[in-house]
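Colleague: pasting the sequence and the predicted model now:
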Amino acid sequence: MATLKTATLGCKVNQYETQLVREGLLTAGFQDAAEGQNADLCIVNTCTITGEGDSKSRQIIRRMNRDNPDARIVVMGCYATREPEAVAALPGVTEVVTDKREIPDLLGRFGVVDIPNGISGLNNRHRAYVKVQDGCLLRCSYCIIPQVRPQMFSRPQVDVLKEIGVLVDRGFREVVLTGIHLGHYGVDFNKGKPKAQWTRLSGLVREICKLSPGLRVRLSSIEATEVTRELIEVMQEYSDQVCPHLHVCVQSGSDRILRLMKRRWTRRHIIDRCNLVKKELHKPAFTTDLIVGFPSETEQDFQDSLDACREIGFSKIHMFPFSPRKGTPAATMPDQIEKAVKRQRGAIVRELETELRQTYFQTLVGERLQLLVESVEPDGSVKGTSCRYGQVVASGLQANDNDLIDVQISGVGQGVLIGGPDQGSATS
């Protein structure tokens, strides 16, 4: 029987798409290669959002070839789309998939008869990613993704619900809705329709909650201004299911830099929308992406970003040093920032992140949080991810792996929440 290995870099959408390909190949008779076993086929799903993504993609392809010298290596993903010739020249590469819409044809060439329209699981994970949208039409000056994923489309609601039904039947207790531009879910469906008939992300979330009352739903990255009042209302209505956690993409807290980035909103827009969410939801968690060292970023611009992060109170900050991507306007902007300055500013952001996380976690002491158990330790304590995304270590309760349980937060450790049995505090 032919053996298979997969490797994925980058975002949740990539992880979903790798799983889709893997499940299709398993139906055609492939099996996952055991530890140390050579594979007959290797699938590498690449990322190009930064220069580091390109470099890691090349490294993994070379490693796959070195560890599986007789394997056919198929490379897909955003780096493969952006530089197919360079990818094809790497050792062992037999095929480069430059467009994700070619996946059905790829699977057909390997004997897959019934092309999957969804996934039934995710390797060694307690939560399942569900891709509901692809493509981005924006033209942020630093971002290469609209060039490699330019076709924007949304999955029909019926397909998403069917897939989630399968995942629930397979035992998943949490799904993470993901897309390249999640907030634009339904935009392609709405052309020519009156506003009253529009398909929106809020409507999809509501239908998912109605489908399976015992399921926890989390949103992946979304623009702050696309957290609509309708979406907030759904998060209120299904507060026991929709995680009060939003990963809002800030990128910068400086209005001058936001304009250079060709972002569509100001610092005030972002902060005001987060404040609205705070007003309507109980102690929501906010996480974000932040770019440091964008061309011409001054100390004042950087300070504006830090101040915005403090005002919103992010519990996690994914910090990226600016990485010039060939073909984007920002790559050729004047006043490129030196690497040493980026490193220095990045270190400051990491210190701020630690401070803000501890501050936010302190506000959760005494609260009852919903926890997805991800491991049960020999001493009986459990570890997992809370509805507010914070990691929790809890003891003194009975729980199994993959359970959704309520725990009462009694303290804060180093980057984690400490919990125990629910003592009847207010549900949150």
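Modeller: In hand now; what should we look at? Numbering: from 1, shown residues only.

Colleague: where do the strands sit along the stretch 151-300 of the chain?
Modeller: All strands of the stretch 151-300 of the chain, identified by DSSP state E, counting those that start in this stretch, fall at 153-154, 174-179, 216-219, 245-251, 285-292.

Colleague: so what's the gap between the fourth one and the chain middle?
Modeller: Yep, that's strand 245-251 we're talking about. 11 Å (CA atoms, centre = their mean, to the nearest Å).

Colleague: I figured residue 350 hits residue 319, correct?
Modeller: Yes. Taking contacts as CB atoms under 8 Å, residue 350 lies within contact range of residue 319: 6.6 Å. For every residue, glycine as well, the C-beta is placed using N, CA and C.

Colleague: what about these two, which has more around it?
Modeller: Taking other CB atoms under 10 Å, residue 350 and residue 319 do not tie; residue 319 has more neighbours (19 against 12).

Colleague: ok, and the residue nearest to that one when sequence neighbours are not counted, which helix or strand is that part of?
Modeller: Among residues not flanking residue 319 along the chain, residue 349 sits closest, at 4.5 Å (CB to CB, 6 or more residues apart in numbering). In the assignment (DSSP states H and E), residue 349 maps to helix 339-363.

Colleague: what residues sit buried inside that helix?
Modeller: Residues 342, 345-346, 348-349, 352-353, 356-357, 360-361 are the ones in helix 339-363 that count as buried (16 or more other CB atoms under 10 Å).

Colleague: what's in contact with stretch 299-307?
Modeller: Under the criterion CB atoms under 8 Å, 6 or more residues apart in numbering, residues 250, 252-257, 267, 290, 292, 294, 345, 348-349, 352 lie in contact with stretch 299-307.

Colleague: any buried residues in it, and which?
Modeller: Buried-residue list, stretch 299-307, by 16+ other CB under 10 Å: 301-302, 304-306.

Colleague: narrow those to those in helices?
Modeller: 301-302, 304-306 (DSSP state H).

Colleague: could you identify the most distant pair in these?
Modeller: 301 and 306 (10.1 Å; CB to CB).

Colleague: low-scoring stretches of the stretch 301-428 of the chain, by residue?
Modeller: 424-428 (pLDDT under 70).

Colleague: tell me which stretches of it form strands.
Modeller: 316-321, 368-376, 382-386, 391-394, 404-412, 417-420.

Colleague: centre of the chain to the fourth one, how far?
Modeller: Translated: strand 391-394. 21 Å.

Colleague: wait, residue 106 sits on residue 99?
Modeller: No. In this structure residue 106 lies outside contact range of residue 99 using CB under 8 Å: 10.2 Å.

Colleague: look at these two and report which has more neighbours.
Modeller: Taking other CB under 10 Å, residue 106 and residue 99 do not tie; residue 106 has more neighbours (19 against 14).

Colleague: before we move on, back to that, roughly how far does the residue nearest to residue 319 sit from residue 195?
Modeller: Counting by CB to CB, to the nearest Å, the gap from residue 349 to residue 195 is 40 Å.

Colleague: and if you look at residue 22?
Modeller: 40 Å.

Colleague: returning to what we had before: top of the contacts of stretch 299-307 by neighbour count?
Modeller: Each of those was scored for neighbours by other CB under 10 Å, and residue 294 scores highest at 28 neighbours.

Colleague: chain neighbours aside, what residue packs nearest to it?
Modeller: Closest to residue 294 by CB to CB, 6+ apart is residue 322, at 4.8 Å.

Colleague: that neighbour contacts residue 343, doesn't it?
Modeller: No. With contact defined as CB under 8 Å, residue 322 and residue 343 do not form a contacting pair (11.8 Å).

Colleague: still on that earlier bit, residue 22 and residue 195: which has the busier surroundings?
Modeller: residue 22 (22 against 6).

Colleague: pretty sure the more buried one is touching residue 43, no?
Modeller: Yes. Residue 22 is within contact range of residue 43, at 7.1 Å (criterion: CB under 8 Å).

Colleague: name the residues contacting each of these two.
Modeller: 4, 6.

Colleague: can you count the residues close to residue 70?
Modeller: Residues lying near residue 70 (other CB under 10 Å) number 9.

Colleague: looking at this, it is in a strand?
Modeller: No. Secondary structure of residue 70 (DSSP: H, G, I helix; E, B strand; the rest coil): coil, not part of a strand.

Colleague: give me the neighbour count for the nearest residue to it once chain neighbours are set aside.
Modeller: Nearest non-adjacent residue to residue 70, counting by CB to CB, 6+ apart: residue 38, 6.7 Å away. Residue 38 is flanked by 14 other residues according to other CB under 10 Å.

Colleague: pLDDT below threshold where in the chain?
Modeller: Those would be 424-428, if you go by pLDDT under 70 across the chain.

Colleague: please look at residue 234 and residue 206 and confirm they touch.
Modeller: Yes. Between residue 234 and residue 206 a contact is recorded at 5.0 Å, counting by CB under 8 Å.

Colleague: of the two, which one has the most company?
Modeller: Taking residue 234 and residue 206 together and counting by other CB under 10 Å, residue 234 has the greater number of neighbours (24 against 19).

Colleague: in contact with that one, which residues?
Modeller: Counting by CB under 8 Å, 6+ apart, residue 234 has contacts 202, 205-206, 209, 242.
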